[in-house]
Every structure is written in C-alpha cells, then in structure tokens.
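Colleague: Sequence first, predicted model second:
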Amino acid sequence: MNQTQNIKENLQEIESKKLMLEIVDLKKSFGDNHVLNGFNLKLFQGENLVIMGKSGSGKSVMIKCLVGLMQPDSGSIKVMGKDITKLNRMELDDIRTEIGFLFQGNALYDSMTVRENLEFPLRRHKKKFGNIKDTTPLVTEALGSVGLAHTINLMPSELSGGMQKRIALARALILKPKIILYDEPTSGLDPITSKEIIELMRRVQKQYKTSSLIITHDVDCARVVSERMILLVDGTNYVEGTFPELELSKDEQVKAFFK
Ligand SMILES: Nc1ncnc2c1ncn2[C@@H]1O[C@H](COP(=O)(O)OP(=O)(O)OP(=O)(O)O)[C@@H](O)[C@H]1O
C-alpha cells in the first residue's frame, strides 16, 4: 500500500468515529480587527488535531471562546453535541470536567504541594466523582501516568520547568477528561524536555483514549503528535491535512510554517 492510500484509510477510520468537538463558522472581532472570520474544526474521537497559526492569528481567541472565557460574535462550538455558547454557568462547569487544559504557563499553585495541586480539581468538580474520602489512588495514578509519582509531596518551586509541565498534565488528567486542549505544550522548554513532553502526549492519548486539540508552533511536535492539522491564516482555515501532506505542499504560505 502506498503512503497516500495509507493516509486516506487512516482519515476514513478517524472520520467514522464520534465527533467530540465541532466549531462551525466562528467569528470574533475587536472593533475593526476581524480576528476569527469563520473558523471551522471537527475533532474526532481518539485523534490529535494540531492547529498552527502565526502569532496574532487568533489561536488564543479561539481557545478562549472554546472554554467559555470569551463570547464569540457568531458561530457554534459543540462539545460532545452541546453548544457551549448556549449553556448556563452550571452546565458549562459540568462540560468543563470533560475537557483537560494544559496552558502555556502551567498555572500550578505555587503555595500548594503537588498533591494539593492535583486534589484541587477533584474538590472543585465533586459532581463527577462524588465526595472522595481518599484521593491518594487518583493522585498516584495521575502522577504515575506522567512518571512523577515520587514528587507527590514536593512544592512546584522544587521542580524543573519540564516536570512542572508534566504535573500540570497530571492535574488535567485526574478528572479523566475526554478532550485535552494543549496550548503551546513545548514552548519555553529545551529540545530534550520538549521531546519528553511530545512522547508523553502520545502515551496519554493511548492510555486515556483522549481526543486532543493542540495549538503549537513546534514543527517537531506537530510531526510526532498529529493525526491531522489545520493551518489558521487570517482567522480562517487556510488548509487542512496530515503532516506529510502539508509538509509536501508547494504553497508558499504553507511552506512558511515548515521552515
Ligand atoms: N481582549 C482583546 N481585546 C482586543 N483585541 C484582542 C483581545 N484579545 C485578542 N485580541 C487581538 O486578537 C488578535 C489575535 O490574538 P491572539 O492572542 O488570539 O493571537 P495568537 O494567534 O494566540 O498569537 P500568539 O501565537 O502570539 O499567542 C490580536 O490582534 C490581538 O490583539
């Protein structure tokens, strides 16, 4: 079987799966600055979808709309069939337990131990698991899945940047989300640590059977983790495809992403 046939069969297999996240015709402007001009995406069960876009192309605005921190001007955002632009606060909170976030800055609480950082989402979203008396098994499982079970009693300041990123991922995983959003997962990390995080993202996908949306500038990350990619230009989908398809593109705008 040649590579094109292989890619087509993989895509057919992915698209026959459940739709986890769907963004349709998303628009957002700030005055005359039309940031999102009809952005669309479909994230299918079990896949990693990478979004690449130049600085200022609207990736963060899209993520903020997606997590309900910003209201789009128009368009719909469906998470597992529910349009989050139409949910009330409580419904939004429930759906958020199905989405794990890994933000650029890790956002760990400096004054809390690793254990307390991981317990935080369990306390905040009691509805999902009920009132857990002993959090240790869940904390240990999540830490184990990022290879850092031994750090349970340490403070974030005692950990390297890469370790903090992994703890932040463990904290996202503790609620067993169906979808993970990664915002620049390798930014600010050295090449070796980046590689570790990239490998970990693949492991997490297999172990937790998650579907992930990954915003990145990192070509190596996109190559290793993506099943499909979308290039975002001028607030809309410029092109979509697999990494090998896009890497071979003759289009100058597409080539610029891979330099
Ligand atoms: N709250 C806001 N008010 C006004 N303009 C905003 C606001 N948030 C974002 N913008 C504008 O939207 C545009 C897109 O910004 P955004 O942060 O989404 O870019 P980005 O693709 O995430 O960039 P980067 O890769 O550098 O993080 C920019 O022109 C920015 O100035």
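Modeller: Okay, I see it. Quantities reported herein were computed from a predicted structural model and do not represent experimental measurements. Numbers count the residues shown, from 1 in each chain.
Colleague: From the structure, what's the count of residues near the closest residue to residue 154 other than its chain neighbours?
Modeller: Leaving aside its sequence neighbours, residue 154 sits nearest to residue 114 (C-beta to C-beta, 6 or more residues apart in numbering; 5.5 Å). For every residue, glycine as well, the C-beta is placed using N, CA and C. When neighbours are defined as other C-beta atoms under 10 Å, residue 114 has 26 of them.
Colleague: Could you measure from residue 114 over to the ligand?
Modeller: Counting by C-beta to the nearest ligand atom, to the nearest Å, the separation of residue 114 from the ligand is 28 Å.
Colleague: List, one by one, the residues from the stretch 51-200 of the chain near the ligand.
Modeller: 53, 55-61 (C-beta under 6 Å from any ligand atom).
Colleague: rerun that using 5 Å as the cut-off
Modeller: 55-61 (C-beta under 5 Å from any ligand atom).
Colleague: Show me just the buried residues among those residues.
Modeller: 57-61 (16 or more other C-beta atoms under 10 Å).
Colleague: now, which of those residues lie within helices?
Modeller: Members of these lying in helices (criterion: DSSP state H): 59-61.
Colleague: before we move on, the earlier item: which ones are touching the residue nearest to residue 154?
Modeller: Contacts for residue 114 (C-beta atoms under 8 Å, 6 or more residues apart in numbering) come out as 143, 148, 151-156, 159, 167.
Colleague: and those residues as JSON lines, adding neighbour count, secondary structure and pLDDT?
Modeller: Below are the contacts of residue 114 laid out as JSON lines (neighbours: other C-beta atoms under 10 Å; DSSP: H, G, I helix; E, B strand; the rest coil; pLDDT from 0 to 100):
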{"residue": "143", "neighbour count": "23", "secondary structure": "helix", "pLDDT": "95"}
{"residue": "148", "neighbour count": "19", "secondary structure": "coil", "pLDDT": "94"}
{"residue": "151", "neighbour count": "21", "secondary structure": "helix", "pLDDT": "96"}
{"residue": "152", "neighbour count": "16", "secondary structure": "coil", "pLDDT": "96"}
{"residue": "153", "neighbour count": "10", "secondary structure": "coil", "pLDDT": "96"}
{"residue": "154", "neighbour count": "15", "secondary structure": "coil", "pLDDT": "96"}
{"residue": "155", "neighbour count": "16", "secondary structure": "coil", "pLDDT": "96"}
{"residue": "156", "neighbour count": "19", "secondary structure": "helix", "pLDDT": "94"}
{"residue": "159", "neighbour count": "18", "secondary structure": "coil", "pLDDT": "94"}
{"residue": "167", "neighbour count": "24", "secondary structure": "helix", "pLDDT": "94"}
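Colleague: Can you name the two of those residues that sit furthest apart?
Modeller: Within the contacts of residue 114, 143 and 155 form the most distant pair, 14.6 Å apart (C-beta to C-beta).
Colleague: quick one, phi psi at the residue nearest to residue 154?
Modeller: phi -60, psi -50 (degrees, to the nearest 10).
Colleague: Same question for the one 10 residues further on.
Modeller: When quoted as degrees, to the nearest 10, the phi and psi of residue 124 stand at phi -70, psi -30.
Colleague: Tell me, what's the model's pLDDT at it?
Modeller: Predicted confidence (pLDDT) for residue 124: 78.
Colleague: Repeat that for the one 10 residues further on.
Modeller: According to the model's per-residue confidence, residue 134 sits at a pLDDT of 84.
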